[in-house]
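Participant: Take this sequence and fold it.
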Amino acid sequence: MVLSMEKQSYVYLMASASRRALYTGVTVKLRERIYEHEHDLIEGVSSKYKCHRLVYYETFNSVTDAIAREKQIKGWRREKKVKLLESMNPEWKDLAADWFPEELLLHGRPIQFASADKRKVPRAYGRADDSARPLNGPRDDD
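Facilitator: Here you go, the predicted model:
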């Protein structure tokens, strides 16, 4: 499989509630990636230091450009990262605070994750056959 380098991509900063820890990352699926960070579905620095708040992000039209920017930011001292994020978000507000409801619903029912090993956010659609329907669509069995 060949990854297209011309794809909308994001570089983002996650912060802990105390603002002590900052995590810099890159992704092509920002919403899914932030959900994974917020729910500790990814092992590593962000889960270890509870970096659950999206405090900054940039959008790119090229994966290559986003990766280069991520590497640039990761090479900076903390003070420079703080200055960058405060230029857009001086109060360090969680930019994704209203992105996800308290519970994710699929066909009107809460989604239960089997374990923390689940790395993908469930899709908003049902089966891939003719009965696939949007999350808020009508149900045949109602």
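
Participant: Going by residue numbers, what spans are helices in this structure?
Facilitator: For the chain, the helices defined by DSSP state H cover 30-38, 45-48, 63-74, 78-88.

Participant: which one of those helices lies closest to Ala97?
Facilitator: Across the helices of the chain, Ala97 has its closest neighbour in helix 30-38 (9.9 Å, Cβ to Cβ). C-beta: built from backbone N, CA, C; applies to glycine.

Participant: surely Leu54 meets Lys93?
Facilitator: No: assessed by Cβ atoms under 8 Å, Leu54 is found out of contact with Lys93, at 9.3 Å.

Participant: More neighbours: the two, which one.
Facilitator: Leu54 (24 against 11; other Cβ atoms under 10 Å).

Participant: what are the bridge partners for that one, then?
Facilitator: Beta-bridge partners for Leu54, by DSSP bridges, are Met14.

Participant: List the residues that contact Asp65.
Facilitator: Contacts for Asp65 (Cβ atoms under 8 Å, 6 or more residues apart in numbering) come out as Ser9.

Participant: Next, find the distance separating it from Tyr49.
Facilitator: The gap separating Asp65 from Tyr49 is 27 Å, by Cβ to Cβ, to the nearest Å.

Participant: How is this structure partitioned into domains?
Facilitator: 9-88, 103-142 (automatic domain parsing).

Participant: Tell me where the model's unsure across the protein.
Facilitator: 1-5, 101-142 (pLDDT under 70).

Participant: residue ranges of the strands in it, please?
Facilitator: Secondary structure of the chain (DSSP state E): strands located at 9-15, 22-27, 53-60, 105-106, 109-110.

Participant: Can I get those strands in JSON lines including distance to Tyr35?
Facilitator: Shown next, in JSON lines, are the strands of the chain (distance: least, Cβ to Cβ, whole Å):
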{"stretch": "strand 9-15", "distance to Tyr35": "12"}
{"stretch": "strand 22-27", "distance to Tyr35": "11"}
{"stretch": "strand 53-60", "distance to Tyr35": "10"}
{"stretch": "strand 105-106", "distance to Tyr35": "14"}
{"stretch": "strand 109-110", "distance to Tyr35": "15"}
